[in-house]
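[1] Predicted model and sequence follow; I will ask about them next.
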Amino acid sequence: MSTERAILRMRVKDYEELTKVIAQKKQRLASFYGMDEAKPEFDVLLKGERGMEGLETLKGRTSRGIERELRNIEVWSLWLEKVPGIGPAIAGGLVLLYYSRNVPICQKCGGDLEKIDGGMKCKSCGAEAKKDGLLKYREELRDFTNISKWWAFMGRHTVDGVMPKRKAGAMSNWSTKGRTLGYQIGDQFNRQADDHPYKAFMLERKRKHSLKHPDWTKGHIHNAAKNEAVKLFLAHFWVVAREIDELPVTDPYAGAIMGHTGIIRPFYWD
């Protein structure tokens, strides 16, 4: 496994775990004191020994650690770093999902492990690895030859007109982390000023949906437009990464999410 990606994966995992712990602690504080998190008085509870100042400091330090690892990755240094709203944590997650995955391997024969009820089993020798045991991994590089495959992997494809959901007992062919990252990207773009190109695209899609679908609710219109902005950004990520790696770039989405307006080149990319 690439040492750089291994360290980046560890930093991103630490950041995700810290974010989860902070969210859980906020919920416990709100429940214990019977106070809404939206109230200004709640901020007082977050400070000092009972609060999370130390956790937030550690989270910020971890984010800076992710950024240091990203400096050696061109899709960050040449493009992502310039996109307002795409910070190191989101960028680190995208880079890891796009370029490679960790495949658990058998400690006896080195074969690939597959999930079974209660643990994992080697495809080659049949040895079982306990679910809570320490696993070894090999790195497998990914190659999304077109944008549709990248969208599908990130959980942005549609089945019967809607994005698919997890089903109990069924193996999904899309990434839960990728779907979550997409929501985070959409939220970040929504927070930007109206002249931010991805925010402007989202506002334009909202306007068109309002005219075309007067029966839709405001929430439906907003979510549809935000999803299209996320898909546009993911398409741009794919184009930039392919151009950096000198790989073929196809013209895929004229009309798929742009309303038949043609190809939109990646923003912030010369």
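    Cool, the structure landed.
[2] could you measure the residue lying closest to residue 198 once chain neighbours are set aside against residue 31, distance?
    Ranked by C-beta to C-beta, 6 or more residues apart in numbering and with sequence neighbours excluded, the top spatial neighbour of residue 198 is residue 189, at 4.5 Å. In short, each C-beta sits where N, CA and C put it, glycine included. Distance, residue 189 to residue 31, by C-beta to C-beta, to the nearest Å: 32 Å.
[3] Between these two, which is the more surrounded one?
    Using other C-beta atoms under 10 Å as the criterion, residue 189 and residue 31 rank with residue 189 on top: 24 against 9.
[4] What are the buried residues along the helix ranked longest in the chain?
    For the chain, the helix with the greatest residue count under DSSP state H is helix 3-33. The neighbour-count check on helix 3-33 (16 or more other C-beta atoms under 10 Å) flags 5, 8-9, 11-12, 14-16, 18, 22, 25-26, 29-30 as buried.
[5] Can you add distance to residue 239 and pLDDT and give the residues you listed back as a markdown table?
    Conversion of those to a markdown table gives the following (distance: C-beta to C-beta, whole Å; pLDDT from 0 to 100):
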| residue | distance to residue 239 | pLDDT |
| --- | --- | --- |
| 5 | 22 | 80 |
| 8 | 22 | 91 |
| 9 | 24 | 89 |
| 11 | 26 | 93 |
| 12 | 23 | 93 |
| 14 | 30 | 92 |
| 15 | 27 | 92 |
| 16 | 27 | 92 |
| 18 | 32 | 90 |
| 22 | 34 | 83 |
| 25 | 40 | 78 |
| 26 | 38 | 75 |
| 29 | 44 | 69 |
| 30 | 43 | 70 |
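[6] between the residues you listed, which is nearest residue 195?
    The nearest member of the buried residues of helix 3-33 to residue 195, counting by C-beta to C-beta, is residue 15 at 29.5 Å.
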